[in-house]
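S.K.: sequence plus predicted model, see below.
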Amino acid sequence: MIADSKRRNALTAINAVLVLARSMAYEGKSSEVASVLDVAEYLPMLMLESADRTEEFRAQLVDLAQRYPTFALALMHFDAPA
């Protein structure tokens, strides 16, 4: 699960990941898109877990932003004040 105060931010972050992945696809970066979609697929599963996975959710976004700087936008959405 994700902390109640972060649930909306988490959904906004997932949306940003998908929008940016689509942009990468249009640029022909298929191997990068596959890597990003691996993360995008995992994020909703973290939200469904019974244990608090808020920090792991954020860590996935941090890793994505470190590998692909444009994805800092998704992290920014997650970290935004509720």
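M.R.: The structure has been received and is ready for your questions. Numbering: from 1, shown residues only.
S.K.: secondary structure class for residue 71?
M.R.: For residue 71, the reduced secondary structure class is helix; criterion used: DSSP: H, G, I helix; E, B strand; the rest coil.
S.K.: now residue 21: closest residue in space that isn't a chain neighbour?
M.R.: Across the structure, with CB to CB, 6 or more residues apart in numbering as the measure, the residue nearest residue 21 apart from its sequence neighbours is residue 36 (4.5 Å). In this view, the C-beta of every residue, glycine as well, is placed from N, C-alpha and C.
S.K.: look up phi and psi at the closest residue in space to residue 56 that isn't next to it in sequence.
M.R.: In space, and not counting its chain neighbours, residue 56 is closest to residue 46: 5.9 Å by CB to CB, 6+ apart. Here the main-chain torsion angles of residue 46 (degrees, to the nearest 10) amount to phi -60, psi -30.
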